[in-house]
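Visitor: Got a predicted model here, sequence first, then my questions.
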Amino acid sequence: DDSRPLKEAIQLIIVLQPGKYADFHELFIEKSRKYYEMLQNDWKTQFIAQYISIVGRVMNEEIDLLEEYLDRSSSGQQKTIFYEEFICKPIEKIAKGFLGIMRATDGKHSRPRKQIEILIHFFKLIAECPANLNLNMLYETMKKYLEENGRKMKTCEELITLYDNYTTWLPKQSQREFYAALHTSFETLCQRPNIADEMAEYCNHVLSRNLNKWSDDEFDSFCSRATRLVKFLPNKDEYMVATEELLAKRLLHRKSRCIYAEKLIISTLKLEFGSQYTSKLEGMLNDSQTEPLMLGKHSVLLLNQGYWPMLYTRSCFGQPILSLQLQHCVDSWVDTYRKSQNSRRLTWNYTLGQVEIRAAYPQKKYTLIVSPIQTTILQLFNQKESYSFSEIKEALWPNGKADDKSLQRFLATLTRKKWKVLLTSQSNDYI
């Protein structure tokens, strides 16, 4: 083994005659540059995948040889020369091949897994590049590709998948500029219209399903994934407003099938943006888990109006006039409540809640579970057989400030084909 005597001799020169070693090192660098130029000319006809593989292998071999024969201090400058010759000089070819590899990882290529392996290998190779070299063309290529590919994606889930892929493929010790290009491109993509609502709807779509079969790890992965792009939104308050409304609907309409997942989503957002950002979400979740207050025959869920967006919105409309029977039930509950505690001001939301009524039809009797407003609508038909939409609205909101959207929704439920509790006239707007 001739490496040990040579290395010892060079170390003696460094100690006894450092000037001589500087001359030797300068000549060695010059010879190495010419050798790398010759190799680069031989490899320039290779496809990008083969070129990256060869460059990575040869770089490792060169570093091993330097540490075996020369002093460790020589490896830094040698690596710089290596990257200048094999990456910086053919940067246009490298960038073009880099773009081709990224395009081949989108699933449309016949061998996307192989292309992903090549891309990961390329990122690892560039991660070893000295920081003083100019690789801006590679960073710009990645940024432009992500923006171009992201604009073609129609759903929020596709964007999240794209971001997840590149954060997985980029090594942790990768160049900061790659991460900067990744973040800048997604900041641009998250400026498209309605992206905040899309993110909130994506989360709502999954949380509204039956997720009881998911493991804790799967819940953790989903919660981290669902909120991954929120940090890139230019106006995060829009996302929170949409999230609050959808969470309120899931909780009040009992469509949230897993409270554990709701808590994980809130804790993920809280960790990222602070407790003030998620205070209303936590308040709604705590309110929904309290037991309804049972007084007499009726139970009422008491909610804090400051937390629930739909309760605040309802204050903009006038309270509907309930039927006499239903209003008697409300008054009876309030009287009992005031006798025990009167510290809270009560504002009723009649669009929520459930009422059980018995409907006697000619052929059969039915028990219907409807809302308080639907109960009042149905009891109007005890007085006459048909009403127009405007007449129903006038009966419920005689003083104006009617909630047209809620009324239309409740009527649509009562008249849809599946149940047909009420019949609609084809010739006019009578029910």
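Guide: Arrived safely.

Visitor: Output the contacting helices and strands for the helix or strand hosting Met102.
Guide: According to DSSP states H and E, Met102 maps onto helix 91-103. For helix 91-103, the elements it packs on are helix 48-69, helix 112-127, helix 136-152, judged by 3 or more CB pairs under 8 Å, 6 or more residues apart in numbering; DSSP states H and E. To be clear about C-beta, it is placed using only N, CA and C from the backbone, and glycine gets the same treatment.

Visitor: Any idea which of the ones you listed has the lowest pLDDT on average?
Guide: Confidence, taken as mean pLDDT, is least for helix 48-69 of these (a mean of 78).

Visitor: Let me see the mean pLDDT of the helix holding Met102.
Guide: The average pLDDT for helix 91-103 rounds to 89.

Visitor: sec struct for the closest residue to Gln191 other than its chain neighbours, please.
Guide: Spatial nearest neighbour of Gln191, chain neighbours left out: Pro234 (5.8 Å); criterion: CB to CB, 6 or more residues apart in numbering. Assigned with DSSP: H, G, I helix; E, B strand; the rest coil, Pro234 falls in the coil class.

Visitor: gap between stretch 327-346 and the chain center?
Guide: Relative to its chain's centre, stretch 327-346 lies at 43 Å (CA atoms, centre = their mean, to the nearest Å).

Visitor: ugh, wrong one, I meant stretch 169-180
Guide: For stretch 169-180, the distance to the chain centre is 21 Å (CA atoms, centre = their mean).

Visitor: for stretch 106-126, same thing?
Guide: Offset of stretch 106-126 from its chain centre (CA atoms, centre = their mean): 24 Å.

Visitor: Return the set of buried residues in that stretch.
Guide: Within stretch 106-126, the residues scored as buried using 16 or more other CB atoms under 10 Å are Gln115, Ile116, Ile118, Leu119, Phe122, Phe123, Lys124, Leu125, Ile126.

Visitor: Tell me the buried residues in the helix holding Met102?
Guide: By 16+ other CB under 10 Å, the buried positions in helix 91-103 come out as Ile91, Ile94, Ala95, Gly97, Phe98, Leu99, Ile101, Met102.

Visitor: List the contacts of the third one.
Guide: Spelled out, it's Ala95. Ala95 sits next to Met137, Leu138, Thr141 when contact means CB atoms under 8 Å, 6 or more residues apart in numbering.

Visitor: ditto for Tyr139
Guide: Taking CB under 8 Å, 6+ apart as the test, what Tyr139 contacts is Gln175, Glu177, Phe178, Ala180, Ala181.

Visitor: Please identify, among those residues, the one with the most neighbours.
Guide: Ala181 (23 neighbours; other CB atoms under 10 Å).

Visitor: can you tell me which helix or strand it belongs to?
Guide: Using DSSP H and E, Ala181 falls in helix 176-189.

Visitor: sorry, back to before: can you lay out the helices and strands packed on helix 91-103 as TSV showing distance to Arg257?
Guide: As requested, the helices and strands packed on helix 91-103 are exported to TSV (distance: least, CB to CB, whole Å):
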stretch	distance to Arg257
helix 48-69	46
helix 112-127	34
helix 136-152	31
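
Visitor: Tell me which helix or strand comes right after the helix or strand of the chain with the lowest mean pLDDT.
Guide: For the chain, the helix or strand with the lowest mean confidence is helix 309-314, at a mean of 58 (criterion: mean pLDDT, DSSP states H and E). Counting by DSSP H and E, the next helix or strand C-terminal to helix 309-314 is helix 324-340.

Visitor: ok, and for that next one, which residues are buried?
Guide: Leu326, Cys329, Val330, Trp333, Tyr337.

Visitor: Closest to Lys270 out of the residues you listed?
Guide: Tyr337 (33.7 Å; CB to CB).

Visitor: who's in contact with the closest one?
Guide: Going by CB under 8 Å, 6+ apart, Tyr337 touches Leu293, Leu295, Val300, Leu346.

Visitor: Quick one, grab the pLDDT at the closest residue to the third one other than its chain neighbours.
Guide: Read that as Val300. Residue nearest to Val300 in three dimensions, not counting chain neighbours: Leu293, with 5.4 Å by CB to CB, 6+ apart. At Leu293, the model reports a pLDDT of 82.

Visitor: next one: Thr351
Guide: The model reports Thr351 with a pLDDT of 77.

Visitor: just Ser315 next, same as before
Guide: pLDDT, Ser315: 49.

Visitor: quick one: Trp348 and Val300, what's the gap?
Guide: 9 Å (CB to CB, to the nearest Å).

Visitor: correction: Ile52
Guide: Ile52 is 68 Å from Val300, by CB to CB.

Visitor: More neighbours: the two, which one.
Guide: Ile52 (24 against 16).

Visitor: and which of the buried residues of stretch 106-126 is nearest Ser390?
Guide: Ile116 (61.8 Å).

Visitor: who's in contact with that closest one?
Guide: Ile116 touches Thr105, Trp169, counting by CB under 8 Å, 6+ apart.
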